[in-house]
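A.B. asks: Mind looking at a prediction? Sequence and model below.
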Amino acid sequence: MIDPTTVKRGRVVPTQLASRSLAGQCYCGEVRYQVDDAFLYAANCHCSQCRRTTGSAFKPFAGIERAKLRVTRGESQLLIVGEAEGHDAHCRRCGSLLWSVVREGAFVHVAMGTLVDAPSIRPDKHIYVGSKAPWFDITDDLPQYLELPDR
């Protein structure tokens, strides 16, 4: 790991770490992307929309500014479900959910299961547990929120 500090004139000063780039892709590999490892937050979402779009009990996601994600292959194979400022991006061929565009189009929530490289962030909470699947029990110690917590 890189030390995020530098000594200047006898003082320890934080330095800007260059963000590494992470690879991601869908199940079939038709769509590939790069995203900066500079995620601002990560969570496990239990809302009914995330459960339906993933086919799972919850969606682990990491949030980042939209401009920090770049499609590197298969952009024409993206299936966009929703509007320009709020949608899910799936692979048209295999159906994998890759990311969701949120917050008036300014951010993306990257589906963490599509990352090939391990991100430096981990989900630190469960959100929308008020609508979680009744057949699923949360067994970790992460904080749980009925809806979206205050930022």
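C.D. replies: Structure's in. What do you need?

A.B. asks: For stretch 88-103, give the mean pLDDT please.
C.D. replies: Regarding stretch 88-103, the rounded mean pLDDT is 98.

A.B. asks: buried stuff in it?
C.D. replies: The neighbour-count check on stretch 88-103 (16 or more other Cβ atoms under 10 Å) flags 88-91, 96-102 as buried. Heads up, the C-betas are built off the backbone N, CA and C, glycines and all.

A.B. asks: Look up the closest residue to Met112, ignoring the ones flanking it.
C.D. replies: Sequence neighbours aside, Pro60 is the residue nearest to Met112 in space, at 4.3 Å (criterion: Cβ to Cβ, 6 or more residues apart in numbering).

A.B. asks: Where does that neighbour fall, secondary structure wise?
C.D. replies: Using DSSP states H and E, Pro60 sits within strand 59-65.

A.B. asks: Now do that strand: distance to the chain's middle.
C.D. replies: The chain centroid and the centroid of strand 59-65 are separated by 2 Å, computed with Cα atoms, centre = their mean, to the nearest Å.

A.B. asks: hey, C-alpha coordinates of stretch 106-115 in PDB?
C.D. replies: The C-alpha coordinates for stretch 106-115 follow below in PDB (Å, rounded to 0.1, in the frame of the first residue of the first chain):
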ATOM      1  CA  ALA A 106     -24.600  12.800 -11.600                       C
ATOM      2  CA  PHE A 107     -23.600   9.500 -10.000                       C
ATOM      3  CA  VAL A 108     -23.500   5.800 -10.800                       C
ATOM      4  CA  HIS A 109     -24.000   2.900  -8.400                       C
ATOM      5  CA  VAL A 110     -21.700   0.200  -9.700                       C
ATOM      6  CA  ALA A 111     -23.000  -3.300  -9.100                       C
ATOM      7  CA  MET A 112     -20.000  -4.600  -7.100                       C
ATOM      8  CA  GLY A 113     -20.300  -8.100  -8.400                       C
ATOM      9  CA  THR A 114     -19.400  -6.900 -11.900                       C
ATOM     10  CA  LEU A 115     -16.000  -5.600 -10.800                       C
END
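
A.B. asks: which residues sit against that stretch?
C.D. replies: 22-26, 35, 39, 42, 45, 54, 59-66, 69, 96-102, 119, 123 (Cβ atoms under 8 Å, 6 or more residues apart in numbering).
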